[in-house]
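Chemist: Here's my sequence, what's the structure:
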Amino acid sequence: MNLLNYLIEQHRDLTWKLDCCYSDGKDLIIYKILINSLQNNRIKGNIQFNSSNGEVLNFNYSGFKLKDKTGIVDLLLDLCNYERTSLI
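Modeler: Predicted structure coming up:
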């Protein structure tokens, strides 16, 4: 959550929303993060990840390509860096 808040603090035109996509009622929970652009009212990113191990299962972000399978923390750090460098 802190990395998502950091991303939003650096880019005031972005918002995020976290939803539960799936739960088996035991230990498997899949979350979805939607990152929206307020500037053009569009979804800029969609990230789905396993909450138990942080594995990113599905990823789509405008202008950013994921090279290898990664965890949610590493991906959010990469997105913060991507957005920071896109302002320059």
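
Chemist: Ignoring the adjacent residues along the chain, who's closest to residue 60?
Modeler: Nearest residue to residue 60, sequence neighbours excluded (Cβ to Cβ, 6 or more residues apart in numbering): residue 46, at 4.8 Å. No exception for glycine: its C-beta is placed from N, CA and C like everyone else's.

Chemist: What pLDDT is listed against that neighbour?
Modeler: With respect to pLDDT, residue 46 scores 97.

Chemist: That one and residue 36 touch, don't they?
Modeler: No - here residue 46 does not reach residue 36: they are 10.1 Å apart, not a contact under Cβ atoms under 8 Å.

Chemist: In the helix or strand where the residue nearest to residue 60 lies, which residues are buried?
Modeler: Of the helices and strands defined by DSSP states H and E, residue 46 is found in strand 42-50. Going by neighbour count (16 or more other Cβ atoms under 10 Å), the buried part of strand 42-50 is 44-45, 47-50.
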